[in-house]
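A.B. asks: Pasting the sequence and the predicted model now:
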Amino acid sequence: MPLSTITDPADMPPFAVSLGDPAGIGPEIVAKSWVMREARGLSPFFAVGDAASLRAVWLGPVEPVSTPEEAVEVFDKALPCLQVAEAGEITPGTPSMDGARTAFQALEVAVGLARSGSAAGIVTAPVGKEQLYGVGFTHPGQTEFIAERCGVAPHNAVMMLAGPSLKVVPITIHIPLAEVSSVLTVDLIRARAITTAKGLQRNFGIGRPRLVVAGLNPHAGEGGALGREEIDVIRPTVESLQAEGYDIQGPLAADALFHSRARETYDAALCMYHDQALIPIKTLNFDEGVNITLGLPIVRTSPDHGTAFGIAGKDSANPSAMMAAIRMAAEATRARLTPGC
């Protein structure tokens, strides 16, 4: 049943989980998540990729399926897998071009299923970008690829890192620290803030989201003594959003923004650069951090870690973040199906 016709969240279709690089830990953590499906209350899902990558690291039951409907039928007894192009000989921990092509195709198929409503959303296992670039992938990451396929401009697709005790959004992401100041603009911060507020409403059911904005400089610039970005760019943006009715505060000193009492005062923190956001989320919620993309017409989540080629195939990968990503995808979909969200 297509998602667009669903009125009862209990009737939503399964989630498509792309296996990522078949030589990484994606297949292992997806398989372990299936094993823990009942204990963790996970909604039905199916793997998208090469079933051989699952069998290379796991002895459990894998059932080939051709449709999401078939996946629901077999989910209780086996991990459903929708097969895409085979990755060739798979050696866990050793990425290959064939494996990258399989990961690329799995991502494409999973996005298509979510866009059509055949899947409730997508969860993406990690990929090796170096290998993907070698097979013609031209986007900075999976987020940008998914946004393009959904017809969403890159600046309107916002990466939120979410855990049990913190949600953060980096305003700038994968750029050198020396370039952050020149990239920060009123328009960029404004776009990220509005998408974040709408995303908290739509995906988390928060009626009136409370946002805080970190300063770029130490002590939020100390009135210009340590930099003028707060005065010239960040504060004017915050004030304009406040005038429009948004519950947003800042710029605030980042070093006092993430302790327990401070976190009780907001729903999400907007940070000026990558590490300002990711250090606190990984410190507080390393094993349960989820990357959820806001601003998309579909639900997309991902565990907040990489391929971990160094431990692939050693049965030591922790599936907690993958399970958290599957669980958050289901929560976001249910929120979207709730009237008023």
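C.D. replies: All right, it came through fine.

A.B. asks: residue ranges for the helices of the protein, please.
C.D. replies: Remark: helices assigned in the chain by DSSP state H are 26-35, 51-55, 68-74, 97-116, 129-134, 142-149, 180-183, 186-204, 229, 235-243, 260-263, 274-285, 320-337.

A.B. asks: Tell me which residues of the second one come out buried.
C.D. replies: The neighbour-count check on helix 51-55 (16 or more other Cβ atoms under 10 Å) flags 51, 52, 53, 54 as buried. The C-beta positions use only the backbone N, C-alpha and C, and glycine is treated the same way.

A.B. asks: For that helix, name the packing helices and strands.
C.D. replies: helix 26-35, strand 62-65, strand 79-83 (3 or more Cβ pairs under 8 Å, 6 or more residues apart in numbering; DSSP states H and E).

A.B. asks: quick one: low-confidence parts of the chain?
C.D. replies: By pLDDT under 70, the weakly predicted segments of the chain are 1-9, 339-341.

A.B. asks: Show me what the most centrally placed residue in it is bridged to.
C.D. replies: Residue closest to the average C-alpha location in the chain (Cα atoms, centre = their mean): residue 291, at 2.6 Å. Taking DSSP bridges, one obtains residue 161, residue 302 as the residues bridged to residue 291.

A.B. asks: who touches it in this structure?
C.D. replies: 143, 159, 160, 161, 162, 301, 302, 303, 304, 325 (Cβ atoms under 8 Å, 6 or more residues apart in numbering).

A.B. asks: If we only consider those, which is nearest to residue 106?
C.D. replies: Each of the contacts of residue 291 was checked against residue 106 using Cβ to Cβ; the closest is residue 302, at 13.2 Å.

A.B. asks: Quickly compare the helices of the chain and say which is most buried.
C.D. replies: helix 26-35 (a mean of 26; mean count of other Cβ atoms under 10 Å).

A.B. asks: Run through the neighbouring helices and strands of it.
C.D. replies: strand 45-49, helix 51-55, strand 79-83, helix 320-337.

A.B. asks: Distance to residue 136 for the ones you listed - can I get that in a markdown table?
C.D. replies: Below are those laid out as a markdown table (distance: least, Cβ to Cβ, whole Å):
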| stretch | distance to residue 136 |
| --- | --- |
| strand 45-49 | 18 |
| helix 51-55 | 21 |
| strand 79-83 | 21 |
| helix 320-337 | 26 |
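
A.B. asks: Wait, residue 257 touches residue 211, no?
C.D. replies: No - counting by Cβ atoms under 8 Å, residue 257 stays clear of residue 211, with 11.8 Å between them.

A.B. asks: can you list residues touching both of those two?
C.D. replies: In contact with both residue 257 and residue 211: residue 269, using Cβ under 8 Å, 6+ apart.
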